[in-house]
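J.: fold the following and give me the result.
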Amino acid sequence: MNRRENPRMDVKLKCHVAPMKTWPQGMSGVTENISRNGVLMLCADGSVGGQPRVGEAVTVEIELPENPVFGRKCIHCQATVVRVSEESGQPLRVAFSVNQMKFTEYGNPATQLCEMEASAGTVPV
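T.: So this is what the prediction gives:
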């Protein structure tokens with residue numbers, strides 16, 4: 001039984017995940033699909049310094065293709081890790097539930113991360 005509220009779109013875009021509290025490192029990967037309230041990411045590069053935990057709050061930055069009129073944009077999401085799956089010989093898959101999403105200029109991710117956390121009232125400790 002499919003209990004999804006919003007349709008998923010299969011979209012392959014570069015994305016970066018930054019921790020907000022206990023997870024020591026971020027990670028990079030490619031989106032497998034996106035919906036209005038969720039993102040599924042593949043992390044195949046092996047750069048994960050430990051896995052995120054279910055229930056952990058993170059910031060997900062999804063790079064959008066450059067547009068000649070609007071320039072380079074990205075989607076910044078405040079999200080919660082809802083599933084982490086790693087099968088032998090398969091890339092790590094991480095599913096996120098999106099709590100807040102906004103479109104911003106693509107620039108300095110660290111500066112944008114701080115701005116988003118401040119606006120959400122979740123400045124890291």
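J.: pLDDT below threshold where in this protein?
T.: Scanning the chain for pLDDT under 70 picks out 1-5, 20-25, 44-50, 107-125.
J.: how about the helices in it?
T.: 109-120 (DSSP state H).
J.: what about the strands in the chain?
T.: In the chain, the strands defined using DSSP state E lie at 14-19, 27-35, 38-43, 57-63, 73-85, 92-105.
J.: what residues does stretch 76-90 touch?
T.: Residues outside stretch 76-90 that contact it (CB atoms under 8 Å, 6 or more residues apart in numbering): 38-39, 51-62, 92-104, 112-113, 116, 120, 122. All C-beta spots, glycine's among them, are computed from the backbone N, C-alpha and C.
J.: now it, how far from the centre of its chain.
T.: 9 Å (CA atoms, centre = their mean, to the nearest Å).
J.: ok, back up a step: among the strands of the chain, which comes closest to Pro7?
T.: Relative to Pro7, the nearest member of the strands of the chain by CB to CB is strand 27-35, separated by 6.4 Å.
J.: before we move on, the earlier item: okay, the strands of the chain in a markdown table with mean neighbour count and distance to Pro7 next?
T.: Below are the strands of the chain laid out as a markdown table (neighbours: other CB atoms under 10 Å; distance: least, CB to CB, whole Å):
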| stretch | mean neighbour count | distance to Pro7 |
| --- | --- | --- |
| strand 14-19 | 20 | 19 |
| strand 27-35 | 19 | 6 |
| strand 38-43 | 21 | 11 |
| strand 57-63 | 21 | 17 |
| strand 73-85 | 18 | 17 |
| strand 92-105 | 16 | 14 |
